[in-house]
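Enquirer: Model the following, please.
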Amino acid sequence: MTSVLDVARQNGLSLKTAIKETDSSIDRKEVYGLLCQQYPRLKRWMESRFPKNSFQEALKYRKESFGKSRQSFTEIRSVMLLLELSESVCLISGSFVKQGTGFVLFDDFVLTDARLCDYWVKSNTPNWREFVNVTVVFNFEDQESDRNNLGAKVFIGNDKLDYVILKLETEKVPPGLLKRFGPVPSDGEACVVGHPGGGVKKTSPTCVIEKERREHAENNENLEDCKEFCSLCEINQQIKNDPYENIYVTYNALMYHGSSGSSVFDAEGRVFGLHSGGFFYGFPNLSENVIEYAFPLLTIFENFVDNLKKDGYGEVLERVVEEAKGNPHLENIIASVVGSKQGKPDALLQEVESKTDSEEIGDGCVETE
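Expert: Predicted coordinates:
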């Protein structure tokens, strides 16, 4: 039987790397014992965090949930609907603009992540939105596709909720997804659609990780490699320390490189999240894996409507009201914001503002800390 410790010593490898390069007949009890000897604090943390069989139960729950979500998004009905709706998803790039993803909101407006414009926000350039030239690319399904490249400018946004609205130079774009905005699905089924790495459009079925289960989240692929002695790092505290943690929708997906601004759909074709980023974790390298998060679109929509009202964009607000007709979630938000004299800011956003020291930069855009 091959000794993992011998392989690690002979080749100057870490235990984790040695495990992958060693024959499948390795003694996993030996590896577990070695890890416990090298990292006693990790062993104590694991035992306290997952008493008895709670870790295996959490792992089983995640596998069942992910399997259910993946099955839902392989059904022909869901696939055809997702293909149709994903036509509105686009690649975002530009001068000193990070590569990312966005999607048509309505008419010639596109929604994407505010962090793509970090360079300009942090530069403190007056009227920086006037200098930002954004390129929006549709129909990028494969390398040979006839792409549709359009110019756009930043219209309005809010850094606290990590979103900006872009205004395109033409209205000849796929239909907007605003009418399909909905709440986070109760069954947890979700699918991220975007352009990871600035490449072709891809989908990633996943499942929502409820707030109370975040501390048990772990990358499934790593767990398959070393189920019996899997090492975890504390990521839950990172999330708890984040001022937005009560707003985030969290999940595991394979879309985190260059896919900020991707749309997150449920199995019924409702879009409920704007993919924003992730919390890196792993052991011992904190850049190996990630639990990712999105901002709920209904929360973003409430802030968007409030900004339109406060900043005097009456005509755009009228179009939003028109587009929202028939969607009870959007209609209720519009009634609460536009129907009152001062509007009713979201309670969670108020909590975020009390935790951060960011300063507004006009028209709803807020400087990144």
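
Enquirer: Can you pull the phi/psi pair for Asn155?
Expert: Slight slip there: residue 155 is Phe, not Asn. Phi and psi for Phe155, reported as degrees, to the nearest 10, are phi -100, psi -60.

Enquirer: correct me, but it touches Ile165?
Expert: Yes - with contact defined as Cβ atoms under 8 Å, Phe155 reaches Ile165; the gap is 4.6 Å. All C-beta atoms are positioned from the backbone trio N, CA, C, and that covers glycine.

Enquirer: any residues in contact with both of these two?
Expert: Phe109 (Cβ atoms under 8 Å, 6 or more residues apart in numbering).

Enquirer: And the helix or strand encompassing Phe301, what does it pack against?
Expert: Following DSSP states H and E, one finds Phe301 within helix 297-310. The elements that helix 297-310 packs onto, with contact taken as 3 or more Cβ pairs under 8 Å, 6 or more residues apart in numbering; DSSP states H and E, are strand 148-158, strand 163-168, strand 271-281, helix 314-324, helix 328-338, helix 347-355.

Enquirer: again, 7 Å this time
Expert: If contacts are counted by 3 or more Cβ pairs under 7 Å, 6 or more residues apart in numbering; DSSP states H and E, helix 297-310 sits against strand 148-158, strand 271-281, helix 314-324, helix 328-338.

Enquirer: For it, buried residues please.
Expert: For helix 297-310, a neighbour-count test (16 or more other Cβ atoms under 10 Å) marks 297-309 as buried.

Enquirer: about what we covered before: compile the helices and strands packed on helix 297-310 into a markdown table and extend it with columns for distance to Arg213 and mean neighbour count.
Expert: Below are the helices and strands packed on helix 297-310 laid out as a markdown table (distance: least, Cβ to Cβ, whole Å; neighbours: other Cβ atoms under 10 Å):
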| stretch | distance to Arg213 | mean neighbour count |
| --- | --- | --- |
| strand 148-158 | 28 | 20 |
| strand 271-281 | 14 | 22 |
| helix 314-324 | 33 | 16 |
| helix 328-338 | 25 | 17 |
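
Enquirer: Which of the buried residues of helix 297-310 sits closest to Trp128?
Expert: Proximity of the buried residues of helix 297-310 to Trp128 (Cβ to Cβ) peaks at Asn307, which lies at 17.2 Å.

Enquirer: you'd agree that closest one is up against Ile156?
Expert: Yes - the criterion here is Cβ atoms under 7 Å, and Asn307 meets it with Ile156 at 5.6 Å.

Enquirer: Show me how the record splits the protein into domains.
Expert: 1-38, 89-177 (automatic domain parsing).

Enquirer: What ranges in the stretch 101-250 of the chain fall below the confidence cut-off?
Expert: Residues of the stretch 101-250 of the chain meeting the criterion pLDDT under 70: 212, 214-240.

Enquirer: what ranges do the strands span in it?
Expert: For the stretch 101-250 of the chain, the strands defined by DSSP state E, counting those that start in this stretch cover 109-112, 134-138, 148-158, 163-168, 189-194, 202-209, 249-251.

Enquirer: Compare these and give me the one nearest Gly261.
Expert: Closest of these to Gly261 is strand 109-112, at 3.7 Å (criterion: Cβ to Cβ).

Enquirer: Which strands and helices lie in contact with the closest one?
Expert: The helices and strands touching strand 109-112, judged by 3+ Cβ pairs under 7 Å, 6+ apart, are strand 97-106, strand 163-168.

Enquirer: send the alpha carbons of it over as PDB?
Expert: Taking Å, rounded to 0.1, in the frame of the first residue of the first chain, the C-alpha atoms of strand 109-112 are listed here in PDB:
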ATOM      1  CA  PHE A 109     -31.500  49.600 -20.800                       C
ATOM      2  CA  VAL A 110     -29.100  46.800 -19.600                       C
ATOM      3  CA  LEU A 111     -28.500  45.800 -15.900                       C
ATOM      4  CA  THR A 112     -25.000  44.700 -14.800                       C
END
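
Enquirer: Please list the residues outside that strand that contact it.
Expert: Here strand 109-112 makes contact (Cβ atoms under 7 Å, 6 or more residues apart in numbering) with 90, 92, 100-105, 136, 152, 155, 163-168, 261, 274.

Enquirer: picking up where we left off before, what's the most buried one of the domains of the chain?
Expert: Mean neighbour count (mean count of other Cβ atoms under 10 Å) peaks for domain 89-177 among the domains of the chain, with a mean of 19.

Enquirer: That domain: end-to-end distance?
Expert: End-to-end distance for domain 89-177: 9 Å, by Cα to Cα, to the nearest Å.

Enquirer: Going by residue numbers, what spans are helices in the stretch 1-150 of the chain?
Expert: Counting by DSSP state H, counting those that start in this stretch, residue ranges of the helices within the stretch 1-150 of the chain are 4-11, 15-21, 28-38, 40-49, 54-72, 76-85, 118-123.

Enquirer: Show the average pLDDT along the longest one.
Expert: The reference is to helix 54-72. Averaged over helix 54-72, pLDDT sits at 56.

Enquirer: what do you get for the first one?
Expert: Looking at helix 4-11 alone, the average pLDDT works out to 67.

Enquirer: same question, stretch 267-276
Expert: 93.

Enquirer: Give the full set of residues in contact with Ala294.
Expert: When contacts are counted by Cβ under 7 Å, 6+ apart, Ala294 touches Val249, Val264, Gly273, Leu274, His275, Ser276.

Enquirer: A strand includes it, no?
Expert: Yes - the assignment for Ala294 is a strand, going by DSSP: H, G, I helix; E, B strand; the rest coil.

Enquirer: sorry, back to before: to Met80, which of the domains of the chain lies closest?
Expert: Among those, the nearest to Met80 by Cβ to Cβ is domain 89-177 (15.0 Å).
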